[in-house]
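A.B. asks: quick one, what's the 3D model for this:
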Amino acid sequence: KSQAAQMILRAKGYTSEPTCTGAVWTDVTGATPACGWMEEMGNQSYAEGCGSGNYCPNEVLTFAGFAKLVATSFGLMP
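C.D. replies: You can find the predicted model right below:
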């Protein structure tokens, strides 16, 4: 899921990793690789996470889950 966040945001024009605050997801901290990418997905409301304020960065992302992230990120679905 962390790699999906980076791919989507790069496709949207981000050229470098956004700043990581550690305040968006309870399971993503400054020590988490790609923290800034995942936080920006939450900041922009592109990702809902996996519940209870978590992003679950190591969770396997299904094709359907990736498709939903892409569609939400690019305004293809409400």
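A.B. asks: quick check on the nearest residue to residue 56 once chain neighbours are set aside: phi, psi?
C.D. replies: In this structure, residue 56 finds its nearest non-sequential neighbour in residue 50, 3.9 Å apart by C-beta to C-beta, 6 or more residues apart in numbering. Heads up, the C-betas are built off the backbone N, CA and C, glycines and all. Residue 50 has phi and psi values of phi -120, psi 10 when expressed as degrees, to the nearest 10.
A.B. asks: from here on, count from 58
C.D. replies: With the count now opening at 58, the last piece we talked about shows up as residue 107.
A.B. asks: buried stuff in the helix or strand hosting residue 63?
C.D. replies: Residue 63 is part of helix 59-68 when elements are defined by DSSP states H and E. Buried residues in helix 59-68, counted by 16 or more other C-beta atoms under 10 Å: 59, 61, 62, 63, 65, 66.
A.B. asks: so which of the residues you listed comes closest to residue 87?
C.D. replies: The shortest approach to residue 87 among the buried residues of helix 59-68 belongs to residue 59, at 13.9 Å (C-beta to C-beta).
A.B. asks: close enough to count as contact, that closest one and residue 93?
C.D. replies: No. Using C-beta atoms under 8 Å, residue 59 is not in contact with residue 93; the gap is 10.2 Å.
A.B. asks: if we can go back for a sec, the residue nearest to residue 113: neighbour count?
C.D. replies: Neighbour count for residue 107, taken as other C-beta atoms under 10 Å: 15.
A.B. asks: so it sits against residue 116, correct?
C.D. replies: Yes. With contact defined as C-beta under 8 Å, residue 107 counts as touching residue 116 (6.2 Å).
A.B. asks: where are the low-confidence patches of this protein?
C.D. replies: The model of the chain has pLDDT under 70 over residues 135.
A.B. asks: where do the helices sit along the chain?
C.D. replies: 59-68, 92-100, 120-130 (DSSP state H).
A.B. asks: next one: the second one to chain centre, how far?
C.D. replies: It stands for helix 92-100. A distance of 5 Å separates the centroid of the chain from that of helix 92-100, by C-alpha atoms, centre = their mean, to the nearest Å.
A.B. asks: quick one: contacts of it?
C.D. replies: 58-59, 62-63, 65-66, 71, 74-82, 85-86, 89, 104, 106, 112, 114, 126, 130 (C-beta atoms under 8 Å, 6 or more residues apart in numbering).
A.B. asks: thanks a lot, see you next time.
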